[in-house]
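>>> Test case, fold it:
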Amino acid sequence: MGDNFQFFDIILFGMIAAFLVLRLRSVLGRRKDDETQGKNDERFTTEAHENDNENDNIVSLPSSEKRKVKQDQKVLDPEDKLLTEVVNHIPNFDKIEFLVGARTAFEMIVEGFAAGDRKLLNNLLNKEVYGNFEQSIADREKDSLILENTLIRIVDCQIIEGSVDGSDVFITVKIISEQINVTRNNDGNTVDGDPEHITTITDIWTFSRNTNDKDPNWELVATRSVE
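Numbering: from 1, shown residues only. Coordinates of the predicted model:
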């Protein structure tokens, strides 16, 4: 009889031990999940704050998209003669970051021009270039025309020239893009372009920045298209 009770006690303790092991694994599992969730929440919050700080009207080149660039790609080759003068005036200049910002500015300016967003354009262009853009927008509005622009993609963006004039730094980029441009009248009829046709366009844009100015933004100071 005593042996039976002893055997029962062994079974009981075994069941209790198994229950405690399962509880421990359950708690550890939940804690791990909770920690992972916490990290995900923190990452999402950080990215949200970064997005909150973005300004829709001003683009600093380099732009906030620099986080997408790999760290080992951010070093400018000191023997890059094309940008030697630029680096001498802006020691921390980063070619990759600049190109990322130039692409962002290109997208905003192209879309802003089509939408007739004068405020946006005024913040990104110098007086001369803005005057040309504004005149084109005014002529379009006078004729009751609507420009529809779809920027399909930027095929390539590369620096083709860098120079310095006093405290002014100039960088010229060649941007190849695929776009659909259609001009319509008030009735919605197409007066120029083809909504089904994608056109490859090559633009030569020059950005400038005064190194003595506290404003780190680059302005678009010259544009031309290559046929």
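>>> Next, the buried residues of stretch 179-189.
Buried residues in stretch 179-189, counting neighbours by 16 or more other CB atoms under 10 Å, are found at Gln179, Ile180, Asn181, Val182, Thr183, Arg184. For the C-beta atoms, the positions are set from N, CA and C on the backbone; glycine is no exception.
>>> isn't the fourth one right next to Glu196, touching?
So the one you mean is Val182. No. Judged on CB atoms under 8 Å, Val182 makes no contact with Glu196 at a distance of 9.5 Å.
>>> element containing Cys133, please.
No Cys there; residue 133 is Phe. helix 127-142 (DSSP states H and E).
>>> What is that helix packed up against?
helix 95-115, helix 118-124, strand 219-226 (3 or more CB pairs under 8 Å, 6 or more residues apart in numbering; DSSP states H and E).
>>> What's the local residue count around Ala222?
14 (other CB atoms under 10 Å).
>>> Mark out where each domain of this protein begins and ends.
Domains of the chain are assigned by automatic domain parsing as 1-53, 64-226.
>>> re the thing from before, just the C-alphas of the helix holding Phe133, formatted as PDB.
Output of helix 127-142 as PDB, limited to C-alpha atoms (Å, rounded to 0.1, in the frame of the first residue of the first chain):
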ATOM      1  CA  LYS A 127      15.100  83.600 -60.300                       C
ATOM      2  CA  GLU A 128      16.000  83.200 -63.900                       C
ATOM      3  CA  VAL A 129      14.900  79.600 -64.300                       C
ATOM      4  CA  TYR A 130      11.800  80.200 -62.200                       C
ATOM      5  CA  GLY A 131      10.900  83.100 -64.500                       C
ATOM      6  CA  ASN A 132      11.100  80.800 -67.500                       C
ATOM      7  CA  PHE A 133       9.000  78.100 -65.800                       C
ATOM      8  CA  GLU A 134       6.500  80.600 -64.500                       C
ATOM      9  CA  GLN A 135       6.000  82.200 -68.000                       C
ATOM     10  CA  SER A 136       5.300  78.800 -69.500                       C
ATOM     11  CA  ILE A 137       2.800  78.100 -66.800                       C
ATOM     12  CA  ALA A 138       1.100  81.500 -67.300                       C
ATOM     13  CA  ASP A 139       1.000  80.900 -71.100                       C
ATOM     14  CA  ARG A 140      -0.600  77.500 -70.600                       C
ATOM     15  CA  GLU A 141      -3.200  78.900 -68.200                       C
ATOM     16  CA  LYS A 142      -4.000  81.800 -70.600                       C
END
